[in-house]
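# can't give you the sequence, but here's the structure:
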């Protein structure tokens, strides 16, 4: 039995401890917003938050989340209100096919939580591991900037 907090709620699942978190979320818990892309932590489609940090769930054994907090795309909105990034995604018409977007949003949300006014370099670095076959990278950047303006001096935060 693996016990953890999922999207703010206590959770316990009886799965093999080496099962990737991605499959525990999708198959054991029915949360299909987190997507399978490459299975090697290279594309970012499976990104979730673990204790607030972006991680690739396709290579993370579910045993690694014991006693920790996991947030999926389903938990990004709160009390029926979209996360500001989700609204920005809509406003900028970011998604085309949409397959990568849950991972893109989770990476962007972790960035903004850790750095509310990221530099362009910080955005590029944080989002570099998320691939989009449709090429919506400029719209993704504009959506992030809607929520997280550049620092006034353009310098990175300490």
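Yep, that arrived. Predicted model, so just to flag it, every value in this text is computed and none were measured.

# Please count neighbours and contacts with C-alpha atoms only from this point.
Will do.

# Tell me which residues touch the residue most central in space within the chain, please.
With the centre of the chain defined as its mean C-alpha position, the nearest residue by C-alpha atoms, centre = their mean is residue 106, 1.8 Å away. Residue 106 makes contact with 47-49, 54, 72-73, 76 under the criterion C-alpha atoms under 8 Å, 6 or more residues apart in numbering.

# Tell me how far it lies from residue 61.
For residue 106, the distance to residue 61 (C-alpha to C-alpha, to the nearest Å) stands at 19 Å.

# Which residue ranges make up the domains of the chain?
The chain breaks down into these domains under automatic domain parsing: 2-73, 84-147.

# Any chance of those in JSON lines with mean pLDDT as columns?
Output for those, formatted as JSON lines (pLDDT from 0 to 100):
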{"stretch": "domain 2-73", "mean pLDDT": "97"}
{"stretch": "domain 84-147", "mean pLDDT": "95"}
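
# Check the burial of residue 80 by counting its neighbours.
Counted with other C-alpha atoms under 10 Å, the neighbours of residue 80 add up to 6.

# Break down this structure into its helices, ranges please.
21-23, 84-91, 101-114, 120-127, 137-147 (DSSP state H).

# out of those helices, nearest to residue 30?
In terms of C-alpha to C-alpha, the element of these nearest to residue 30 is helix 21-23, at 9.4 Å.
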